[in-house]
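Undergrad: Can you look at this prediction? I've put the sequence above it.
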2 protein chains.
Amino acid sequence: MSNAKLIYAAPEKNADLFYATHFWAPDAILFLEYKNKKYLVLSDLELERGKKVAKVDKVLSLATYAEKTVKQGGAGIVGVIDTLLKEFKIKKLHVPHETSFILVDGLREKGYHVAPGENPFYMERTLKTPSEKKWMFEAQKVTFKAIALAEKILGESAIRKGFLHWKGKILTSERVRFELDRFLLELGYRTPDIIIAGGLQATDPHCIGSGPLKPNESIIVDVFPRSDKTAFHGDATRTFCKGKASPELKKMYAVVKAAQEMAIQKIKAGINGTTIHEGIQKYFAAQNFQTGTIDGFKQGFIHGTGHGIGLEIHEEPVRIGSRECILKAGHMVTVEPGLYYRKQGGVRIEDIVFVTKSGCEILPSYPKRLEIP
Amino acid sequence: MSNAKLIYAAPEKNADLFYATHFWAPDAILFLEYKNKKYLVLSDLELERGKKVAKVDKVLSLATYAEKTVKQGGAGIVGVIDTLLKEFKIKKLHVPHETSFILVDGLREKGYHVAPGENPFYMERTLKTPSEKKWMFEAQKVTFKAIALAEKILGESAIRKGFLHWKGKILTSERVRFELDRFLLELGYRTPDIIIAGGLQATDPHCIGSGPLKPNESIIVDVFPRSDKTAFHGDATRTFCKGKASPELKKMYAVVKAAQEMAIQKIKAGINGTTIHEGIQKYFAAQNFQTGTIDGFKQGFIHGTGHGIGLEIHEEPVRIGSRECILKAGHMVTVEPGLYYRKQGGVRIEDIVFVTKSGCEILPSYPKRLEIP
């Protein structure tokens, strides 16, 4: 049986290709793994850089293969792949699930047997090596430094006429986001969309937040930066309330915190993510926090408990949710239950844990407090 | 004939889906356009935000469709799409070229006729509207502000013991990149990899540059930020030399500058990109700047002249290169010839132009000077 693996994608958009080659490029490039050797086919633009930095056995010239292809009456990327596979005498190959159907249709027309590989293509990247674990630990430490900065800004803010004021101006979600963005940049990290969402905005889990921040209501701070150096992510959330939280909000916070800690207690290799997720759902219901359509809006615990994370912010197939997933030692997974009610506000608490045989390690531990005086 | 268009992708990675919906999400979502109406199918997590911000006619609940699918004995995303298409009585559909073959195989097995749409799926996004033109003009103004900052830093630097010094330290590519990154962030723009590449690094067009910068050699500054607000890109390159450029480098610079300006003179609706690209190739050869393998390395003019740009940094199918492409009024395209020789260094000069019936508009004009005293 053939063990050829082929990827045609842009490493910037394809974590498997980056994982396999450690080569970063904005446009689609061609990658082949065959008989335990890795090959990259690069345009003249990428050729010399590829030879220098790509972690592959051989870098081949796309221009050379394109020339050969044209001589043989072929054309396009399907023609180039055909030329390459003929040289290696490959007839069967695996490609990633996300491979374009145009490419696969083209190769099948030429008689190749194209089958999907695992999803993700390099499934082993879900099991973090000691180096990868260290890089993620570093990323998460930086993530909490950013959250600490948000906490500090809220702490330094004054409450005046129903709004938070900081450094002489009304404090907005945008301002906090900017301060965190800048801080992360200085440490060599970038985040696409830091969530700083208060009040009603906090009840919409993917709303990044905008406008003035107010006292006495929940403010969700969710930060998920990627390291420029290692390309690995951190991801953490804390919920704050500047001033006084209502008894209802305090109760929500205590219940979400307890749910998160119970889930972390249960996580270990061999457990099914659904068991943990359903445990939280039941606990919330038992505490009288219902999930469903209320006043025409989806409210309550309206998302999964956690997702795999690594080179990608949401990494398949690791999940703690309604889809079955047996956790393995070496998985990295977020644990982030939340409750969202349009009247009381939103609360989410998120950490990353590293799954082990006997339990899990929090990556690293960071305090959880709601009220900021 | 059916005019159904279906996309299943993450808007963050799929510019067509973002273009069609103005909805930003990190995970794959389902989109249908049928009889001039647009539909998004969203999970509970995205549902309320989608109803509020997505520019579509209707937001449907994924949970509802998943339930219906399970009741009918179906499963997975193919099952959900099947349920949806049955409701609309759709049997034929167009999907983007980049659609996964697993999805297409699944739909074909269920009897659907799945054909590729245009590439890009919303081809009309290559023709910029007045608003889009304005947003790109703004982005490019910001891009040049960042380049001006790099120029200023080089101007303020001192030459000591063969290195540039700035603010008491040896000036590195990383430091300049950081200053530009921070500056862009303050203006609401982000760039993945600002290129600050000097000396031998400048001869490798996609090398982002690292380590100390030296005087009397070329330094390529290539900045391509995306606006947080509009999601459109700028992209510009200038080549500088702190101190004194060699006569060879000066000649290279003059020839690249002349080539770029000649190309810009020629660009107008109706012209083929290959004509412009080959014109530059011929001009370089006539000026005695050869392209090919020299001392085992690809050197000379080793990339295309330009690429389409907009929501994506490299936007298909607009090109000025070896592939045929008739330019149209409304296209945005970079014009960026370059010469790369390991002995003399690298030179690239890049602007974006807006193609019109009678010519093109530079977006906006910015000075070109090599030597910085």
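TA: Looks like it came in fine. Residues are numbered from 1 along each chain as shown, chains lettered A, B, ... in the order given.

Undergrad: When you work out contacts or count neighbours from here on, use the C-alpha atoms and nothing else.
TA: Will do.

Undergrad: Give me the helices and strands touching the lengthiest helix in chain A, please.
TA: Counting residues, the longest helix found in chain A (DSSP state H) is helix A:130-156. Identification of packing neighbours for helix A:130-156 by 3 or more Cα pairs under 8 Å, 6 or more residues apart in numbering or on different chains; DSSP states H and E yields helix A:173-186, strand A:218-223, strand A:236-242, strand A:371-372.

Undergrad: Deepest in the core, which of those is it.
TA: strand A:218-223 (a mean of 29; mean count of other Cα atoms under 10 Å in any protein chain shown).

Undergrad: Tell me which strands that strand pairs with, and in which orientation.
TA: strand A:195-198 (antiparallel), strand A:236-242 (antiparallel) (DSSP bridges).

Undergrad: same question for the longest helix of chain A, mean pLDDT?
TA: The pLDDT scores in helix A:130-156 average 98.

Undergrad: Can you tell me the closest non-neighbouring residue to the closest residue to chain B within chain A?
TA: Residue of chain A nearest chain B, by Cα to the nearest Cα: A:Phe101 (4.0 Å). Ranked by Cα to Cα, 6 or more residues apart in numbering or on different chains and with sequence neighbours excluded, the top spatial neighbour of A:Phe101 is B:Phe101, at 4.0 Å.

Undergrad: JSON lines for the strands paired with strand A:218-223, including distance to A:Thr275 and mean pLDDT?
TA: As requested, those are exported to JSON lines (distance: least, Cα to Cα, whole Å; pLDDT from 0 to 100):
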{"stretch": "strand A:195-198", "distance to A:Thr275": "29", "mean pLDDT": "97"}
{"stretch": "strand A:236-242", "distance to A:Thr275": "22", "mean pLDDT": "98"}
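
Undergrad: TSV for the ones you listed, including distance to B:Asn216?
TA: Shown next, in TSV, are the strands paired with strand A:218-223 (distance: least, Cα to Cα, whole Å):
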stretch	distance to B:Asn216
strand A:195-198	45
strand A:236-242	46
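
Undergrad: Check the offset of the longest helix of chain A from the chain's centre.
TA: Averaging C-alpha positions (Cα atoms, centre = their mean, to the nearest Å) puts helix A:130-156 15 Å from its chain's average.

Undergrad: Can you list the buried residues in it?
TA: A:132-133, A:135-151, A:153-154 (16 or more other Cα atoms under 10 Å in any protein chain shown).

Undergrad: the inter-axis angle of it versus helix A:173-186?
TA: Counting by axes from the mean of the first three to the mean of the last three Cα atoms, to 10 degrees, helix A:130-156 lies at 140 degrees to helix A:173-186.

Undergrad: List the neighbouring strands of the helix or strand just after helix A:130-156 plus their orientation.
TA: Sequence-wise, the next helix or strand downstream of helix A:130-156 (DSSP states H and E) is strand A:158-160. When sheet partners are counted by DSSP bridges, strand A:158-160 sits next to strand A:163-166 (antiparallel).

Undergrad: Domain map for chain A?
TA: Chain A breaks down by automatic domain parsing into domains covering A:5-121, A:126-372.

Undergrad: Please identify the residues of chain A in proximity to chain B?
TA: Neighbours of chain B within chain A, by Cα under 8 Å from any Cα of the partner chain: A:13, A:25, A:27, A:44-49, A:97-102, A:104, A:116, A:178, A:181-182, A:185-186, A:204-207, A:297-298, A:302-303, A:314.

Undergrad: Against A:Gly50, how distant is the residue nearest in space to the middle of chain A?
TA: Computing the C-alpha centroid of chain A and ranking residues by Cα atoms, centre = their mean puts A:Ile313 first, at 0.9 Å. Taking Cα to Cα, to the nearest Å as the measure, A:Ile313 falls 26 Å from A:Gly50.

Undergrad: What of A:Lys68?
TA: According to Cα to Cα, A:Lys68 stands 21 Å off from A:Gly50.

Undergrad: list the contacts for the residue nearest to A:Phe289 when sequence neighbours are not counted?
TA: In space, and not counting its chain neighbours, A:Phe289 is closest to A:Gly300: 6.6 Å by Cα to Cα, 6+ apart. By Cα atoms under 8 Å, 6 or more residues apart in numbering or on different chains, the contact set of A:Gly300 is A:289-292, A:338-341.

Undergrad: among the residues of chain A next to chain B, which ones are buried?
TA: Buried by 16+ other Cα under 10 Å: A:13, A:25, A:44-49, A:97-102, A:104, A:116, A:178, A:181-182, A:185, A:204-207, A:298, A:302-303, A:314, out of these.

Undergrad: So which of these belong to strands?
TA: A:116, A:298 (DSSP state E).

Undergrad: Mind checking which of the buried ones among the residues of chain A next to chain B land in helices?
TA: Members of these lying in helices (criterion: DSSP H): A:44-49, A:101-102, A:104, A:178, A:181-182, A:185.

Undergrad: how many neighbours does A:Glu87 have?
TA: Neighbour count of A:Glu87, defined by other Cα atoms under 10 Å in any protein chain shown: 9.

Undergrad: For the residue nearest to A:Phe289, list each beta-bridge partner.
TA: A:Tyr340.

Undergrad: per-residue confidence at it?
TA: At A:Gly300, the pLDDT value in this model is 97.

Undergrad: roughly how far apart are it and B:Asn119?
TA: Using Cα to Cα, A:Gly300 is found at 41 Å from B:Asn119.

Undergrad: For A:Glu124, see how far away A:Pro205 is.
TA: 30 Å.

Undergrad: Quick one: residues contacting A:Thr274.
TA: For A:Thr274, the contacting residues are A:320-325, by Cα under 8 Å, 6+ apart.

Undergrad: quick one on the thing from earlier: export the helices and strands packed on helix A:130-156 to CSV and tack on distance to A:Thr274?
TA: Formatted as CSV, these follow (distance: least, Cα to Cα, whole Å):
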stretch, distance to A:Thr274
helix A:173-186, 34
strand A:218-223, 24
strand A:236-242, 21
strand A:371-372, 32
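
Undergrad: Nearest approach to B:Ser358 belongs to which of these?
TA: Taking Cα to Cα, helix A:173-186 is the member of those nearest to B:Ser358, at 42.5 Å.

Undergrad: what's the model's confidence in that closest one, averaged?
TA: Helix A:173-186 comes out at a mean pLDDT of 95.

Undergrad: Which strands or helices does that helix pack on?
TA: helix A:130-156, strand A:195-198, helix B:173-186.

Undergrad: With respect to A:Asp228, which of these lies nearest?
TA: Judging those by Cα to Cα, what sits closest to A:Asp228 is helix A:130-156, at 10.3 Å.

Undergrad: wait, doesn't A:Tyr112 sit right on A:Lys91?
TA: Yes - contact status for A:Tyr112 versus A:Lys91: in contact at 5.2 Å, counting by Cα atoms under 8 Å.

Undergrad: Show me whatever sits in contact with both of those two.
TA: Common contact partners of A:Tyr112 and A:Lys91 (Cα under 8 Å, 6+ apart): none.

Undergrad: Around the nearest residue to A:Arg108 once chain neighbours are set aside, how many other residues sit close by?
TA: Counting by Cα to Cα, 6+ apart, A:Arg108 lies nearest to A:Val114, which is 6.7 Å off, once chain neighbours are set aside. Other residues lying near A:Val114 total 18 when counted by other Cα under 10 Å.

Undergrad: Cool, thanks, talk later.
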